[in-house]
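K.L.:
dropping the sequence and predicted coords here.
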2 protein chains.
Amino acid sequence: MKIVLALGGNALQSNPKDASPQAQLLTCKETAKSIIELIREGHTVVVVHGNGPQVGQILNTVESGHRFNESNILFPFDVCGAFSQGYIGYHLQNAIEEELKRFGVKKSVGTIVTQVVVDKDDPGFQNPTKPIGSFYSEEDALKLEQEQGYVMKEDAGRGFRRTVASPKPIDVIEKDIIKTLIDAGVIVISCGGGGIPVIVENDSIKGVAAVIDKDFAAEKLAEIIDADVLLILTAVDKVFINYNKPEEKALDVLNIEEVERYISENQFAPGSMLPKVEACKKFVECGKDKIAIIASLSSAKAALKGTSGTRFINER
Amino acid sequence: MKIVLALGGNALQSNPKDASPQAQLLTCKETAKSIIELIREGHTVVVVHGNGPQVGQILNTVESGHRFNESNILFPFDVCGAFSQGYIGYHLQNAIEEELKRFGVKKSVGTIVTQVVVDKDDPGFQNPTKPIGSFYSEEDALKLEQEQGYVMKEDAGRGFRRTVASPKPIDVIEKDIIKTLIDAGVIVISCGGGGIPVIVENDSIKGVAAVIDKDFAAEKLAEIIDADVLLILTAVDKVFINYNKPEEKALDVLNIEEVERYISENQFAPGSMLPKVEACKKFVECGKDKIAIIASLSSAKAALKGTSGTRFINER
């Protein structure tokens, strides 16, 4: 089967106390083992990964570096996203390549730097909700609003942070390259961090400061390449309703009517399980045979066989 | 013809007074125009770019960010290289894609994050020569040597800098992907900054702190993909002998015997024209019909027609 694999933060930096690149590479090597299992089962795998912690680390470094010495470049946020695609792509492809060698699998793996198109009229741009980077005092925040045109918002009493839009992905600029490589049997890593967000007008392709949800980007890519399965890997084994309540219940299979009902009941946390569930719903709505699964990284193989994870199906 | 195009610093950041990403993107748009000229002539183009200024800017930011706040990650140098591949790749593919749209050329362009293999026994590792990053006091330099294992060297009376090896490239990990894309007519950007240097031992692929000369990486890639032409674009129109002397002479064509003689006469500046000339010599030695050219960015098209640049031929 042709699978788009959406890797969450825990697949890249599993130890919340160690965000070092050295620790990330070790985690990627573990993640690579799960991916190679799918490859060895004969599946075609396209990897989309998040970049929340990494782009935050990069932005903190960029902002701190500029505060330390104003001659250091204040790299714009779209460039920070490009940094993170190079960084995480390098670690993932290095780790997967090693596993391919170890098992003698004759396949290639590589990362495509990816621009993902968003709509300039996306409602997200009217109401930025995604805080990024360092905390600032009110005074400094005001200065950044005036000098850099940032939108600064107070964040839970901890200070002011820059806040950007989280628009929906509508296309992938590099889709033909991704398709070519998939057809050639390559394990493609793309749309990292949801992709570098760009707005297309006539011949212009312009990067913007925004965060595209990586699960929505993975869903869009799965549509574009006509994947069979959207497999979203995260830290939990299944989707729950009544989460952390006495009547908590793990879900094995969800049809579209159930998904709609649970969403209307606010069963899923915004910014966490909700976008994953919405992405799965959107994907299965693309065709009768489409399957979407939310599962834990370690049970990816079992999830494809139907013995783990929560499976979304195109039924009512 | 199948051409590996090696882009020098001036093709990415042309204004020495403005190293901003905004200025870089504008320069990339100019560079894209020269590249599209070659595409519209029917040539196949693979782009290799340098990253000297950019990786220096990134490293300064990383080091400053860490000095400002020790909780900011001191990203290792191989990761800084990966950052730069994402950054420059994004700008180049964005600019080239815009030009393709403008001319209605139905082609794709994309960047492959690239690991380039070096020999762990490369003599370069015994004698690091490439200074990178910020200047430090002798005391801080000593501390970095002890704590981080860096090699710190005094740099022309300006302070101490970290110094890394500049080993020769021997292979490209992602070569099969690059070949697949070339065969599919894609404009490939790869081996950025000479590639992320890695050492391969058994199943292990390990990133190292080193700088691979981008002209040597371009030459190696040109060998691997069996290119017809290695076209090194730089700030000057031709290669000179007796440069800046009364008897200065621009060279139109160079055979191997002449190259060897001029190199032995120290006609070419190490770290500048010498590696370009050596890369050209190495490439034409690969086959009777191989051509290497050193030319200016703006005269790339003329250089391929033989009316500009310095052409290296496999004759004695």
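P.N.:
Cool, the structure landed.
K.L.:
and the residue nearest to residue A:253 when sequence neighbours are not counted, what does it touch?
P.N.:
Excluding its sequence neighbours, the residue lying closest to residue A:253 (CB to CB, 6 or more residues apart in numbering or on different chains) is residue A:311, at 5.0 Å. Backbone N, C-alpha and C define where each C-beta goes, glycine included. Counting by CB atoms under 8 Å, 6 or more residues apart in numbering or on different chains, residue A:311 touches A:252-254, A:291-293, A:303.
K.L.:
ok, longest helix in chain A?
P.N.:
helix A:77-102 (DSSP state H).
K.L.:
surely residue A:77 touches residue A:212?
P.N.:
No - the pair residue A:77 / residue A:212 is not scored as a contact, 11.9 Å apart, by CB atoms under 8 Å.
K.L.:
between the two, who's got more neighbours?
P.N.:
residue A:212 (26 against 23; other CB atoms under 10 Å in any protein chain shown).
K.L.:
and the pLDDT for residue A:128?
P.N.:
You'll see residue A:128 listed with a pLDDT of 94.
K.L.:
one step back: by neighbours, which of the contacts of residue A:311 wins?
P.N.:
residue A:292 (32 neighbours).
K.L.:
using the three-state scheme, assign it.
P.N.:
strand (DSSP: H, G, I helix; E, B strand; the rest coil).
K.L.:
how about it, what does it touch?
P.N.:
Residue A:292 makes contacts with A:229-232, A:279-281, A:283-284, A:311-312, as judged by CB under 8 Å, 6+ apart.
K.L.:
sorry, back to before: from residue A:94, how far off is the residue nearest to residue A:253?
P.N.:
Here residue A:311 is placed at a distance of 32 Å from residue A:94 (CB to CB, to the nearest Å).
K.L.:
what of residue A:301?
P.N.:
Residue A:301 is 22 Å from residue A:94, by CB to CB.
K.L.:
so the two - more neighbours on which side?
P.N.:
Between residue A:301 and residue A:94, residue A:94 has the larger neighbour count (other CB under 10 Å), namely 26 against 16.
K.L.:
name the nearest residue to the more buried one, sequence neighbours excluded.
P.N.:
Distances taken as CB to CB, 6+ apart place residue B:205 nearest to residue A:94, at 5.5 Å, with adjacent residues excluded.
K.L.:
what ranges do the helices span in chain A?
P.N.:
Using DSSP H, helices in chain A cover A:21-40, A:52-68, A:77-102, A:138-148, A:175-183, A:214-224, A:256-264, A:273-284, A:300-305.
K.L.:
could you count how many residues lie near the residue in chain A that chain B sits nearest to?
P.N.:
Taking CB to the nearest CB, chain B has its nearest neighbour within chain A at residue A:86, 2.8 Å off. Residue A:86: 28 surrounding residues under other CB under 10 Å.
K.L.:
try residue A:17
P.N.:
Residue A:17 has 5 neighbouring residues, counting by other CB under 10 Å.
K.L.:
what's it sitting at in phi/psi?
P.N.:
Main-chain dihedrals, residue A:17, degrees, to the nearest 10: phi -90, psi -10.
K.L.:
let me see the confidence value for it.
P.N.:
With respect to pLDDT, residue A:17 has a value of 88.
K.L.:
over to residue A:133?
P.N.:
pLDDT, residue A:133: 84.
K.L.:
burial count for it?
P.N.:
Other residues near residue A:133 come to 22 when the count uses other CB under 10 Å.
K.L.:
same check, this time on residue A:290
P.N.:
21.
K.L.:
same thing with residue A:217?
P.N.:
Using other CB under 10 Å, residue A:217 has 28 other residues around it.
K.L.:
residue A:191 is in contact with that one, correct?
P.N.:
Yes - Residue A:217 is within contact range of residue A:191, at 4.5 Å (criterion: CB under 8 Å).
K.L.:
between these two, which contacts overlap?
P.N.:
When contacts are counted by CB under 8 Å, 6+ apart, residue A:217 and residue A:191 are jointly contacted by A:48, A:116, A:169, A:172.
K.L.:
ok, and the closest non-adjacent residue to residue A:313?
P.N.:
residue A:255 (5.7 Å).
K.L.:
ditto for residue A:280
P.N.:
residue A:292 (3.5 Å).
K.L.:
which residues touch the closest residue to residue A:176 other than its chain neighbours?
P.N.:
Sequence neighbours aside, residue B:108 is the residue nearest to residue A:176 in space, at 4.5 Å (criterion: CB to CB, 6+ apart). Residue B:108 makes contact with A:174, A:176-177, A:180, B:185-187, according to CB under 8 Å, 6+ apart.
K.L.:
so where's the stretch 51-200 of chain A uncertain?
P.N.:
For the stretch 51-200 of chain A, no stretch is flagged by pLDDT under 70.
K.L.:
state the pLDDT value of the residue nearest the centre of chain A.
P.N.:
Centroid-nearest residue in chain A: residue A:214, 2.4 Å away (criterion: CA atoms, centre = their mean). On pLDDT, residue A:214 comes in at 97.
K.L.:
hmm, it is touching residue A:50, no?
P.N.:
Yes - if you go by CB under 8 Å, residue A:214 and residue A:50 touch, sitting 4.3 Å apart.
K.L.:
what touches both of these two?
P.N.:
Joint contacts of residue A:214 and residue A:50 (CB under 8 Å, 6+ apart) are A:6, A:8, A:193-194.
K.L.:
what's across from residue A:46 in the sheet?
P.N.:
Assessed by DSSP bridges, residue A:46 has beta-bridge partners residue A:4, residue A:188.
K.L.:
run a quick neighbour tally on it.
P.N.:
Quick note: residue A:46 (other CB under 10 Å) scores 24 neighbours.
K.L.:
list the contacts of it.
P.N.:
Counting by CB under 8 Å, 6+ apart, residue A:46 touches A:2-5, A:178, A:182, A:187-188, A:190, A:221-222, A:225, A:227.
K.L.:
any chance of the residues you listed in CSV, plus neighbour count?
P.N.:
Formatted as CSV, those follow (neighbours: other CB atoms under 10 Å in any protein chain shown):
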residue, neighbour count
A:2, 14
A:3, 22
A:4, 29
A:5, 27
A:178, 23
A:182, 19
A:187, 27
A:188, 29
A:190, 30
A:221, 25
A:222, 27
A:225, 19
A:227, 26
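K.L.:
among those residues, which two are most distant?
P.N.:
By the measure CB to CB, A:187 and A:222 form the most distant pair in the contacts of residue A:46, at 15.5 Å.
K.L.:
disregarding flanking residues, what is the spatial nearest neighbour of residue A:38?
P.N.:
Nearest non-adjacent residue to residue A:38, counting by CB to CB, 6+ apart: residue A:45, 5.4 Å away.
K.L.:
now for the one you found: which residues touch it?
P.N.:
By CB under 8 Å, 6+ apart, residue A:45 lies in contact with A:3, A:5, A:35, A:38-39, A:187.
K.L.:
hang on, the earlier thing: shouldn't the residue of chain A closest to chain B be in contact with residue B:86?
P.N.:
Yes - if you go by CB under 8 Å, residue A:86 and residue B:86 touch, sitting 2.8 Å apart.
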